Each structure stands twice: as C-alpha cells, then as structure tokens.
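S.K.: Dropping the sequence and predicted coords here.
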Amino acid sequence: MNLQQLGFTQYFETQLQTLTFDRATRLVGRIILEHKHSYRVLTEQGEFLATVSGNFAYHAFSRKDYPAVGDFVIIEQMPGEERAIIHHLFDRKSKFTRKMAGLEVDEQIVASNVDYILLVMSMNADFNVRRLERYLVAAWDSGATPLIVLTKADLCEDENALIEAVQSVAFGVDVLTVSAVTGEGISALKEFLTEGKTAALLGSSGAGKSTLTNALLNTDQMKVSDIREDDAKGRHTTTHRELVVLPSGACLIDTPGMRELQLWDQGDSLSASFSDIDQLADNCRFRDCKHKNEPGCAVIQAVDDGALDSSRLTSYFKLQRELAYIEKKANTDAQLAEKRKWKQVSKSIKKMK
C-alpha cells in the first residue's frame with residue numbers, strides 16, 4: 001500500500017511540499033474510520049489509532065475543522081505503540097456535506113476527497129425520485145462526479161420504467177443497475193473504481209450499500225440486515241463511516257443510511273440538479289419570475305401542458321426554501337462563531353502579556 005494507491009494525488013503532494021516537519025517521526029496517512037474524536041489512520045507503515053493534538057483542537061472552531069473519513073493528515077507515531085497524534089489536516093479537494101441532524105446549524109462532512117459520489121437507491125418499494133433529487137443537489141456541490149447506482153435489479157419487474165424515471169431528473173448523470181445476487185452491473189461499476197480513485201456510497205437504509213460493498217470486496221466484511229417486508233425499508237446496518245481498499249486498488253467509503261439528507265449551503269447546485277426548470281425559466285416574461293402565479297410564466301405553462309411534473313416543481317420550491325433558511329441561519333451562527341473566536345484569541349494574548 002502506498003500513498004498514490006490511497007488517492008494521494010498531485011493536489012496533496014503540492015501541499016506537502018510547503019510543509020516543514022520531521023519526516024523521521026511523522027507520517028502522512030488517510031482517515032479510514034471515525035468514531036467521535038478517535039480515528040483510524042492508514043499509512044504506508046500500517047494502521048494507527050489516533051486523536052488530534054491539543055494545538056489542533058485549540059484551533060478547530062467548528063465540526064468541519066476536524067478530520068473526516070477520507071481526509072489526509074500528518075500524524076506523529078507514539079514510540080513503541082500503534083497509536084498516534086494528528087497534527088495537520090490537508091486541504092480537501094472535494095467533500096460531501098449535510099446539515100447536522102437536529103436543531104444545530106452546522107456542517108457535517110460525510111466523506112471527503114472523493115472522485116465519485118455513488119447515489120445508491122434500491123429498485124423496490126423504497127424507490128423515491130424526490131429523495132434522489134435532494135441527493136443530487138448535494139452531490140453536484142461536492143466537487144465529485146455523481147453516479148446513480150440502482151440496486152436489487154433482480155427484484156424489479158420493470159427495470160426500464162425506473163431507469164427512465166431516474167433519467168428524467170438526473171441530467172448528464174450515468175445510471176447503473178446492479179444486483180449483488182446475480183452479479184448484474186458489478187463489472188460496469190468496477191470500471192469506475194480503478195486504482196487511486198475514491199468513491200463514497202450514499203443512500204437510505206436498506207438501499208444495499210453494505211451488500212454492494214461486499215460484492216466489490218468479494219467478501220462478507222460489511223454486516224448486512226434484511227429489510228422490512230411491509231415497506232421495504234431497512235435498518236441502519238452501517239453505524240459509522242468507513243473507508244475500505246478494494247482489490248482493484250480503489251478506495252470505497254461506506255456510510256450509514258440516511259432517511260432524509262438535510263442540505264447544507266448548496267444553492268449553486270440547485271440549478272445543476274433542476275436545469276430543466278432553469279431552461280424553462282429563460283422563457284418567462286419577467287426575469288425575476290418566481291413561478292407562482294405571474295403572467296407569462298413558462299414554468300407554470302409547462303406544468304399545465306404536462307411537459308413538467310408538478311411534483312418536481314413542488315420539490316424545487318421545497319429545496320429552495322430549505323437552502324434559503326440554512327443560508328440565513330448559518331450566516332447568523334457564523335457571525336457568533338467569529339465573535340467567540342476573537343474573544344478566545346484576545347484572552348490568549350492577554351495571558352501572554
């Protein structure tokens with residue numbers, strides 16, 4: 001195992017060249033497992049259980065300042081132990097984020113430094129195009145390439161109908177159908193997962209992410225659970241994010257299932273996911289048309305003509321309102337965090353005098 005196989009590209013090598021540290025005692029590694037504030041780090045010299053240094057924690061003012069699965073870090077090995085201290089976090093080339101669960105308005109990094117976001121959805125009763133729209137908005141903003149993976153093809157009676165439904169909302173995104181039971185589509189998926197590449201699996205519980213990971217690993221490393229028969233929903237088999245290295249040399253990040261992904265600051269990507277509505281809006285009579293009840297609205301006309309599904313427009317409005325709220329709340333919280341930061345800095349300066 002070398003750093004290049006782990007995805008340490010020129011982007012990170014350039015950062016490394018600007019850093020000064022004792023290369024005899026410190027190593028570059030990648031976060032492969034996160035549990036609260038403990039991390040499992042994979043390096044060329046093996047795996048280490050690590051925590052951040054006191055200085056690192058002192059300068060971390062929010063959740064995003066801490067390492068996440070997929071991050072590259074510099075660690076210091078404890079003498080004679082398989083434990084280490086994290087001293088530095090490399091700038092991320094991509095990150096898939098969401099709003100933290102609950103009332104707290106903060107950014108949670110689900111996976112970082114990924115090349116592909118594999119949006120996994122099962123072809124059973126849990127198939128949900130509206131949920132997929134939400135994931136696509138976040139995926140486009142991650143900096144990675146989204147790829148839709150429809151699982152459990154062996155249980156689907158009308159595969160083409162579901163593919164068409166996905167393609168109607170996922171413009172320009174590759175769609176693969178797979179079955180871990182029959183092996184359908186696994187080879188096609190492996191063509192994306194080559195040495196040095198990293199992919200993250202995102203989807204709801206019961207979508208088949210862990211089963212898919214096992215198929216790609218050719219093992220039963222990831223624990224799987226049956227879905228409920230009444231609604232085809234699954235239990236949370238994966239309870240934490242974990243990076244595994246595939247036989248091909250690619251890295252794969254499996255994540256816990258999310259019933260609903262709460263967006264985080266993806267306003268720019270709303271246009272990418274709803275490009276059909278944006279194109280229609282170009283023909284509206286008024287440039288600032290809200291697509292509600294304005295005269296000459298091309299979007300409303302498309303709904304009336306049956307060219308645009310009214311539920312898709314409703315989904316667009318819902319995500320638009322959600323992002324506007326998050327932006328407003330985040331800006332307020334950011335101002336408070338900045339005040340706390342400078343208050344802390346001021347106290348430190350006074351102590352030094």
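M.R.: Yes, it's here. Just so it is clear, the structure is predicted and the values come from calculations on it, not from any experiment. Numbers count the residues shown, from 1 in each chain.

S.K.: how much space between residue 208 and residue 163?
M.R.: Using C-beta to C-beta, to the nearest Å, one gets 17 Å for the distance from residue 208 to residue 163. For every residue, glycine as well, the C-beta is placed using N, CA and C.

S.K.: And the two? Which one has more around it.
M.R.: Set side by side, residue 208 and residue 163 give different neighbour counts by other C-beta atoms under 10 Å, the larger being at residue 208 (29 against 18).

S.K.: Quick check: phi and psi on the closest residue to the more buried one other than its chain neighbours?
M.R.: The shortest distance from residue 208 to any residue other than its chain neighbours is 3.7 Å, reached at residue 151 (C-beta to C-beta, 6 or more residues apart in numbering). The phi and psi torsions at residue 151 (degrees, to the nearest 10) take the values phi -100, psi 170.

S.K.: again with the one 3 residues further on
M.R.: Torsion angles at residue 154 (phi, psi; degrees, to the nearest 10) stand at phi -70, psi -20.

S.K.: Around it, count how many other residues there are.
M.R.: 15.

S.K.: For it, which residues are in contact?
M.R.: Counting by C-beta atoms under 8 Å, 6 or more residues apart in numbering, residue 154 touches 179, 181, 182, 184.

S.K.: For the residue nearest the centre of the chain, name its beta-bridge partners.
M.R.: Note on the chain: the residue nearest the mean C-alpha position is residue 96, at 3.0 Å, using C-alpha atoms, centre = their mean. Counting by DSSP bridges, residue 96 forms beta bridges with residue 111.

S.K.: Now stretch 8-15: average pLDDT?
M.R.: Taken as a whole, stretch 8-15 carries a mean pLDDT of 96.

S.K.: how far out from the middle of the chain is it?
M.R.: Relative to the mean C-alpha coordinate of its chain, stretch 8-15 is positioned 21 Å out (C-alpha atoms, centre = their mean, to the nearest Å).

S.K.: So residue 173, which state does it fall into?
M.R.: The three-state label for residue 173, taken from DSSP: H, G, I helix; E, B strand; the rest coil, comes out as coil.

S.K.: What is the neighbour count of it?
M.R.: 19.

S.K.: and if you look at the one 10 residues further on?
M.R.: Other residues near residue 183 number 11, with proximity taken as other C-beta under 10 Å.

S.K.: mind listing what it touches?
M.R.: By C-beta under 8 Å, 6+ apart, the contact list for residue 183 reads residue 215.

S.K.: could you dump the contacts of residue 154 to a markdown table with pLDDT and secondary structure?
M.R.: Conversion of the contacts of residue 154 to a markdown table gives the following (pLDDT from 0 to 100; DSSP: H, G, I helix; E, B strand; the rest coil):
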| residue | pLDDT | secondary structure |
| --- | --- | --- |
| 179 | 91 | coil |
| 181 | 87 | coil |
| 182 | 89 | coil |
| 184 | 90 | coil |
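
S.K.: Out of those residues, grab the one that's most surrounded.
M.R.: residue 179 (21 neighbours).

S.K.: Phi and psi next, for that one.
M.R.: phi -140, psi 120.

S.K.: domain parsing for the protein?
M.R.: If you go by automatic domain parsing, the domain ranges for the chain are 10-89, 95-254, 267-347.

S.K.: ranking those by burial, who's on top?
M.R.: When you average the neighbours per residue for each of these (mean count of other C-beta atoms under 10 Å), domain 95-254 leads with a mean of 19.

S.K.: Touching, residue 135 and residue 204? I think so.
M.R.: No. In this structure, residue 135 is not within contact of residue 204 by C-beta atoms under 8 Å, at 9.2 Å.
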